[in-house]
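Undergrad: below: sequence and its predicted model.
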Amino acid sequence: MPAVKAPRVTVIPAKKDQLPINVLSGEAIKRLRVAAYARVSTNNEEQLTSYEAQVDYYTRYIQSKEEWEFVAVYTDEGISATNTKKREGFNRMVADALAGKIDLIITKSISRFARNTVDTLTTVRKLKEKGIEVFFEKENIHTLDGKGELLITIMSSLAQEESRSISENVTWGQRKRFADGKVSLPYGRFLGYKRGDNGLPEIIEKEAQIVQLIFRLFLYGKAPSAIAAYLTGEGIPTPGGKTIWRSKTVESILTNEKYKGDARLQKKFTVDFLSKKVKVNEGEVPQYYVENSHPAIIPPEVFDLVQYEWKQRKTDGHWTSSAHPFSGKIFCGECGGQYGSKIWDSNTEYRRLIWQCNNKYKGGHCHTPHLTEAEIKAAFLSAFNAILHDRAEIMAAYNEVIEALTDTSDLDAERGELQNEADVVTELIKKAISENAHKAQDQEEYQRKYEGYCARFEKARNRLAEIEDICLERNAKKVKIQMFMERMGQYADLVTVFDEELWYSTVDMVTVFEDKRMAFTFRDGTQVTIKKEAWEAA
């Protein structure tokens, strides 16, 4: 047998891009590409300090390991962890890992990673399939370990219950404050108020004047779009500090009861703590209406008048987006169409603005005449002065009208009875449902009983809505009369010069007839018809 030669070892020098050699096994050691994930769930200063500390800690920790290659510290700042939909840093990290850029992810704890069991397990399993490990420091869990998934399931479920508990406590606290009538506003985007020293809304006078202007322009007949255009043109900033107003912003101001010093609380609610989905409260949870909860910018009666006007205009379509005071105010006595402005002889020295029925040449061939601005203004002065002449008699009659309008004792009594009926029927419905759920019953009989209760409830609720509409209409008429009386009281003598503010605040509509008669309907309901001869002589 030939002699066995001694083994000869030839050393091959390492190249710069080769991996280190494990001296025990002789295998190349692959440096793990390591990333970390850090998150805090609130924006307060203390938590942000913790956030910065986490980033610094993980950066130093990963870079200190020779066998690790630092990738990045992925972060999310000031957001909730109950789901992963809006966590940009987290989602970017997972995408990079699945793209083969990361081998190991380190994070502080399961609760920092996710508080939703489904999200946690789904993400971990997705990473595990690609051989990517997650290490949770606090719980000392390695997801590639055989016990990892069981431990994650248990720990993540506990974290989810903790999140549920916190969410329910926060919700309970909010509803307790609502029930106690404690009002809080989103002051950063709420025009007219700031947080006072006592924690309640306090009026900012300069902003309150803008709110009052919005309500005044609406009562003058302006549509929200026209008000938005006017505010933008005047360079008035929006509640959010922007330069361009939107009609929706104006609408939200005009319909927000907080401007009359009241507050409807819990208009929206969070459906569940995981999705964080918020929806309009349509009766799923209680609402709370707090009267006189804070100082009012708009008198309650004026606010209610605006709500009535809003409803009326939606019904009859009397909106105007024009800046001209006559727009949307003048109507044809023959076809009912609106008068619009037209330019005649636009390219000549005789150029002039006239008003005529918009349907005149649209197939209707109305015979009502066109009018100049001077003619409309003269007719208005004649009509308003006619009222001033009979002011004493009119105001005496108004006092009786206002007294009648303010007496709602009959409606209040009926409203009380209907509310009691609604409450009783609600309890009967609850009882019927509960009994049907706990013991066997004839389902046809149960359905008849249930539908009967529902019919009673609907009848009471519909009548309550009718009463609210009647009260709103009466109050609107009362306020219109009071405002009109106040306006008349400002004039001791006859008016000789057209005043745009006076026009806006007193005229509801003008009807033009074929013989150039103009019938003025004032905001208090008074009608005055001015013949052509009267305003021509004025």
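TA: Cool, the structure landed. Numbering: from 1, shown residues only.

Undergrad: please make it C-alpha for all contacts and neighbour counts, starting now.
TA: Fine.

Undergrad: quick one: the residue nearest to the spatial centre of the chain from Lys260, how far?
TA: Centroid-nearest residue in the chain, with CA atoms, centre = their mean: Ser252, separated by 7.1 Å. Relative to Lys260, Ser252 is positioned 13 Å away (criterion: CA to CA, to the nearest Å).

Undergrad: please report how far Met518 lies from Ala392.
TA: When distance is defined by CA to CA, Met518 is 24 Å away from Ala392.

Undergrad: of those two, which one has the most company?
TA: Neighbours were counted for Met518 and for Ala392 using other CA atoms under 10 Å; Met518 has more, 25 against 11.

Undergrad: quick one, phi/psi of the more buried one?
TA: Summarising the backbone geometry of Met518 under the convention degrees, to the nearest 10, its torsions are phi -130, psi 120.

Undergrad: wait, what's in contact with it?
TA: With contact taken as CA atoms under 8 Å, 6 or more residues apart in numbering, Met518 is in contact with 379, 510-512, 529-532.

Undergrad: count of residues packed around Leu231?
TA: Other residues near Leu231 number 21, with proximity taken as other CA under 10 Å.

Undergrad: burial measure for the closest residue to it other than its chain neighbours, as a count.
TA: Excluding the flanking residues, the one nearest Leu231 by CA to CA, 6 or more residues apart in numbering is Trp245, at 6.8 Å. Other residues within reach of Trp245, judged by other CA under 10 Å, total 24.

Undergrad: which element is Trp245 on?
TA: Assigned by DSSP states H and E, Trp245 belongs to no helix or strand.

Undergrad: you'd agree it is up against Thr232?
TA: Yes - between Trp245 and Thr232 there is a contact at 5.7 Å, judged by CA atoms under 8 Å.

Undergrad: pull the number of nearby residues for the nearest residue to Ala476 once chain neighbours are set aside.
TA: Computed as CA to CA, 6+ apart, the closest residue to Ala476 that is not its neighbour in sequence is Leu305, at 4.7 Å. Other residues within reach of Leu305 by the criterion other CA under 10 Å amount to 22.

Undergrad: with Leu381 instead?
TA: Using other CA under 10 Å as the criterion, Leu381 is surrounded by 20 other residues.

Undergrad: for Arg112, same thing?
TA: Taking other CA under 10 Å as the criterion, the count of residues near Arg112 is 18.

Undergrad: go on, Lys314?
TA: By other CA under 10 Å, the residues close to Lys314 number 10.

Undergrad: distance check, it against Leu219.
TA: The gap separating Lys314 from Leu219 is 14 Å, by CA to CA.

Undergrad: and for Ser346, the neighbour number?
TA: Other residues close to Ser346 by other CA under 10 Å number 11.

Undergrad: could you pull up phi and psi at it?
TA: Main-chain dihedrals, Ser346, degrees, to the nearest 10: phi -60, psi -30.

Undergrad: pLDDT at the nearest residue to it once chain neighbours are set aside, what is it?
TA: Once its chain neighbours are removed from consideration, Ser346 has its nearest residue in Arg352; the separation is 7.1 Å (CA to CA, 6+ apart). The predicted local distance difference test score for Arg352 is 82.

Undergrad: for Arg352, phi and psi?
TA: The phi/psi pair for Arg352 (degrees, to the nearest 10) is phi -160, psi 160.

Undergrad: now swap in Glu234 and tell me
TA: When quoted as degrees, to the nearest 10, the phi and psi of Glu234 stand at phi -80, psi 0.

Undergrad: quick check: the gap between it and Leu254.
TA: Shown here: Glu234 relative to Leu254, a distance of 19 Å by CA to CA.

Undergrad: for the record, mean pLDDT for the top helix by length along the chain?
TA: In the chain, with assignment by DSSP state H, the single longest helix is helix 443-488. Confidence over helix 443-488, taken as the mean pLDDT, stands at 84.

Undergrad: can you list contacts of the helix or strand hosting Asp304?
TA: Using DSSP H and E, the element containing Asp304 is helix 300-316. The contact list for helix 300-316 (CA under 8 Å, 6+ apart) reads 215, 218-219, 254-255, 257, 259-261, 319, 472-473, 475-476, 479-480.

Undergrad: not counting sequence-adjacent ones, nearest residue to Ile354?
TA: Distances taken as CA to CA, 6+ apart put Thr372 closest to Ile354, at 4.7 Å, once the chain neighbours are dropped.

Undergrad: let me see the contact set for that neighbour.
TA: With contacts defined as CA under 8 Å, 6+ apart, the neighbours of Thr372 are 353-355.

Undergrad: now find how far off-centre the helix holding Asp304 is within its chain.
TA: Between the centre of helix 300-316 and the centre of its chain there are 20 Å (CA atoms, centre = their mean, to the nearest Å).

Undergrad: just checking, next helix/strand downstream of that helix?
TA: Counting by DSSP H and E, the next helix or strand C-terminal to helix 300-316 is strand 330-332.

Undergrad: picking that back up, and the contacts of Met518, which are buried?
TA: When burial is judged by neighbour count using 16 or more other CA atoms under 10 Å, the buried members of the contacts of Met518 are 379, 510-512, 529-531.

Undergrad: make TSV out of the residues you listed and add distance to Tyr450, pLDDT and secondary structure.
TA: Written out in TSV, the entries for these read as follows (distance: CA to CA, whole Å; pLDDT from 0 to 100; DSSP: H, G, I helix; E, B strand; the rest coil):
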residue	distance to Tyr450	pLDDT	secondary structure
Ala379	62	91	helix
Val510	53	93	strand
Thr511	53	94	strand
Val512	56	94	strand
Thr529	58	91	strand
Ile530	61	90	strand
Lys531	63	88	coil
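
Undergrad: now those residues in a markdown table, with distance to Ile210?
TA: Rendered in a markdown table, the data for the buried ones among the contacts of Met518 read as follows (distance: CA to CA, whole Å):
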| residue | distance to Ile210 |
| --- | --- |
| Ala379 | 32 |
| Val510 | 29 |
| Thr511 | 33 |
| Val512 | 35 |
| Thr529 | 36 |
| Ile530 | 36 |
| Lys531 | 40 |
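
Undergrad: quick check: mean pLDDT across the helix or strand harbouring the residue nearest to the centre of the chain?
TA: Using DSSP H and E, the element containing Ser252 is helix 247-254. Here helix 247-254 scores 92 as its mean pLDDT.

Undergrad: what comes up buried for it?
TA: Of all the residues in helix 247-254, those buried under the rule 16+ other CA under 10 Å are 250-251, 253-254.

Undergrad: next, the angle from it to helix 300-316.
TA: 140 degrees (axes from the mean of the first three to the mean of the last three CA atoms, to 10 degrees).
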